[in-house]
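**Student:** predicted model and sequence follow; I will ask about them next.
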Amino acid sequence: SAIVFGSINLDLVARTPELPTPGKTLQGHEFFTAPGGKGANQAVALARLAVPTKIVGRVGDDNFGSELLNSLNTAGVNIECVLVDETVSSGVALINVDDTGENQITVISGANGCIDDIDLDCLKSLLPNAAVLLMQFEIPMPSIILAAQAAKQAGTKVILDPAPAATIPAELYPLVDIITPNQTEIEQLVEFPVSDIESATAGARILLQRGVGCAIVKLGAQGAVCVTLEESFFVPAFTVTTVDTVAAGDAFNGGLAAALCEGLALRQAVVWGAATGALAATKSGAQSSMPTRNTLIAFLEA
Ligand code: ADP
């Protein structure tokens, strides 16, 4: 089974003719809410692929929080380690999208930012049964480091999606079995441009030197590069009709983690990641675009 330790947000999306400017009131076309947060998105991706998945995180004691818990539960994600925090609001992302597709996003981490030792204790109780711990950077860094240490001790594989881009403390690298940056994230980590297989491989090698066991660089519509001390390979992207690539990276991580939970080899796990990312790109939205296990298997066999 899998544990996801990460963020749970409600996305509040407004479609407007142009992006609002200071002091201006705009008439928008449309409004909707959708469950999001990288942690929740990746947990839903895993659950859709029929992997028993528990999310560890926090929501506020508000309407958004109960809506978020409900949607995770409906998606088949176990929420026994989601704490309802009475002191703070649920995490939200305020998203404006204009007619050209340009966006403007404000994230208020709320309850996600209050994660502490209480959440870690719940996480530790789950580790003995978990093959994989999947984390991202929308929760406090000290908790991520402590969770990685506990997972290492328990023999649970640690997968880290270093998103949104942030500086990684030196002590975290050696605790990570697999790191999965996208192009912009690895550029920030290694401080040189990454755009193709060669530069991605060079960047991945630097992350290996810093202590990770494996670096997988996601290169959008190109595919993904995977480097370990033993091997280095490229998995091309699957060709699909792209509708929107929102949460393609989250889908990739879900697919990768699902394959590893099932004991598949690394190369096949990267193929699962790429296929899950490609399928998510064929549908709009974040969690709503995650493929089911049957869809993934049929796509891989086609
Ligand atoms: P992120 O969403 O984190 O920026 P990417 O855009 O690199 O991540 O997407 C993650 C993975 O999803 C890619 O490595 C690729 O395998 C797959 N993917 C993304 N966009 C497409 C696309 N347009 N067509 C096919 N596969 C895609």
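**Tutor:** Looks like it came in fine. Residues are numbered from 1 along each chain as shown.

**Student:** and the closest residue to the ligand within the stretch 101-250 of the chain, how many neighbours?
**Tutor:** The nearest approach of the stretch 101-250 of the chain to the ligand comes at G249, 2.1 Å away (C-beta to the nearest ligand atom). Yep, even glycine has a C-beta here, placed from its N, CA and C like the rest. Burial of G249, expressed as a neighbour count using other C-beta atoms under 10 Å, amounts to 24.

**Student:** from now on call the first residue 612
**Tutor:** Will do, 612 is the new start, and the previous item becomes G860.

**Student:** quick check: it touching P773?
**Tutor:** No. G860 lies out of contact with P773 (C-beta atoms under 8 Å); the separation is 10.7 Å.

**Student:** so for these two, which residues contact both of them?
**Tutor:** Taking C-beta atoms under 8 Å, 6 or more residues apart in numbering as the contact definition, G860 and P773 share the neighbouring residues T791.

**Student:** ok, and the closest non-adjacent residue to P847?
**Tutor:** G834 (4.2 Å; C-beta to C-beta, 6 or more residues apart in numbering).

**Student:** oops, could you answer that again for T853 instead?
**Tutor:** Leaving aside its sequence neighbours, T853 sits nearest to A892 (C-beta to C-beta, 6+ apart; 4.8 Å).

**Student:** tell me who's in contact with the one you found.
**Tutor:** When contacts are taken as C-beta under 8 Å, 6+ apart, A892 is in contact with 851, 853-856, 859, 900.

**Student:** let's see that with 7 Å instead.
**Tutor:** A892 makes contact with 851, 853-854, 856, 859, according to C-beta atoms under 7 Å, 6 or more residues apart in numbering.

**Student:** got it, and N740?
**Tutor:** Listed by C-beta under 7 Å, 6+ apart, the contact partners of N740 are S612.

**Student:** kindly report the same for E629.
**Tutor:** Contacts here follow C-beta under 7 Å, 6+ apart; on that basis E629 touches D709.

**Student:** separation between it and the ligand?
**Tutor:** For E629, the distance to the ligand under the criterion C-beta to the nearest ligand atom, to the nearest Å works out to 25 Å.

**Student:** what kind of secondary structure is that residue in?
**Tutor:** In the three-state summary, E629 is assigned as coil, counting by DSSP: H, G, I helix; E, B strand; the rest coil.

**Student:** helix or strand right after the longest helix seen in the chain?
**Tutor:** If each helix of the chain is counted by residues according to DSSP state H, the longest one is helix 877-892. Following helix 877-892 in sequence order, the next helix or strand is helix 904-912 (DSSP states H and E).

**Student:** elements contacting that next one?
**Tutor:** Helix 904-912 sits against helix 877-892, with contacts defined as 3 or more C-beta pairs under 7 Å, 6 or more residues apart in numbering; DSSP states H and E.

**Student:** does the helix it packs on come close to the ligand?
**Tutor:** Yes. Among the residues of helix 877-892, 885, 888-889, 892 lie within reach of the ligand under C-beta under 6 Å from any ligand atom.

**Student:** can I get the residues you listed in JSON lines with distance to A741 and pLDDT?
**Tutor:** Formatted as JSON lines, the residues of helix 877-892 next to the ligand follow (distance: C-beta to C-beta, whole Å; pLDDT from 0 to 100):
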{"residue": "A885", "distance to A741": "24", "pLDDT": "98"}
{"residue": "G888", "distance to A741": "23", "pLDDT": "98"}
{"residue": "A889", "distance to A741": "27", "pLDDT": "98"}
{"residue": "A892", "distance to A741": "28", "pLDDT": "96"}
